[in-house]
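Enquirer: Just need the structure, nothing else, for what follows:
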Amino acid sequence: MEKLKKSDAEWRQQLTEEQYRVCRKHGTEPAFSGDYWDKKDAGIYRCVACGAELFDADTKFDSGTGWPSFYQPNDAEAVATKEDRSLFMRRTEVHCNRCESHLGHVFPDGPQPTGQRYCINSASLSFEAKESS
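Expert: Model (predicted):
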């Protein structure tokens, strides 16, 4: 996957203030406040910053947390992880592998078949509905 690099000024110009805070400054939106936490439509969730395909709506589930949750990425190479020790916790951060935008965190308490819960900020996503057949 080809990496996308932009200057801070370019990111600020492209993204809304909330998208910039979440994606580029590792922020978190308040629970139950984002556009996608309870969305149930079929489609693809993409990185709001670079358009990379991240999650298929078929892997989305209601985790009760107030953030969109998925049990696996659309492609294993679409996202990358790293240890996050902020806020006096040890978590695993998830970011877009193409542009390195912060997406959220992954936890080992999701449903089968993976047992993973990718807890993602709506502000880091855009949604592309599947065309009905």
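Enquirer: can you map out the helices along this structure?
Expert: Counting by DSSP state H, the chain has helices at residues 8-14, 17-25.
Enquirer: which of the residues in the lowest-mean-pLDDT helix or strand in the chain are buried?
Expert: Sorting the helices and strands of the chain by mean pLDDT, DSSP states H and E puts strand 79-84 at the bottom, at a mean of 87. Residues of strand 79-84 classed as buried: Val79, Ala80, Asp84 (neighbour count, 16 or more other CB atoms under 10 Å). Every residue, glycine included, has its C-beta placed from N, CA and C.
Enquirer: do stretch 14-31 as well
Expert: For stretch 14-31, the neighbour count (16+ other CB under 10 Å) marks Leu15, Glu18, Gln19, Tyr20, Arg21, Val22, Cys23, Arg24, Glu29 as buried.
Enquirer: where do the strands sit along this protein?
Expert: Secondary structure of the chain (DSSP state E): strands at 43-47, 53-56, 60-61, 69-70, 79-84, 91-96, 102-107, 117-120, 125-129.
Enquirer: Now the closest residue in space to Pro113 that isn't next to it in sequence: phi and psi?
Expert: In this structure, Pro113 finds its nearest non-sequential neighbour in Tyr71, 7.2 Å apart by CB to CB, 6 or more residues apart in numbering. Here is the backbone geometry of Tyr71 (degrees, to the nearest 10): phi -90, psi -10.
Enquirer: Does Tyr71 touch Gln116 like I think?
Expert: Yes - between Tyr71 and Gln116 there is a contact under CB atoms under 8 Å: 5.6 Å.
Enquirer: Mutual contacts of those two, please.
Expert: By CB atoms under 8 Å, 6 or more residues apart in numbering, Tyr71 and Gln116 have these common neighbours: Gly110.
Enquirer: a markdown table please, covering the buried residues of stretch 14-31 and showing distance to Met1 and pLDDT.
Expert: Formatted as a markdown table, the buried residues of stretch 14-31 follow (distance: CB to CB, whole Å; pLDDT from 0 to 100):
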| residue | distance to Met1 | pLDDT |
| --- | --- | --- |
| Leu15 | 20 | 98 |
| Glu18 | 26 | 97 |
| Gln19 | 21 | 98 |
| Tyr20 | 22 | 98 |
| Arg21 | 25 | 98 |
| Val22 | 21 | 98 |
| Cys23 | 17 | 98 |
| Arg24 | 19 | 97 |
| Glu29 | 26 | 96 |
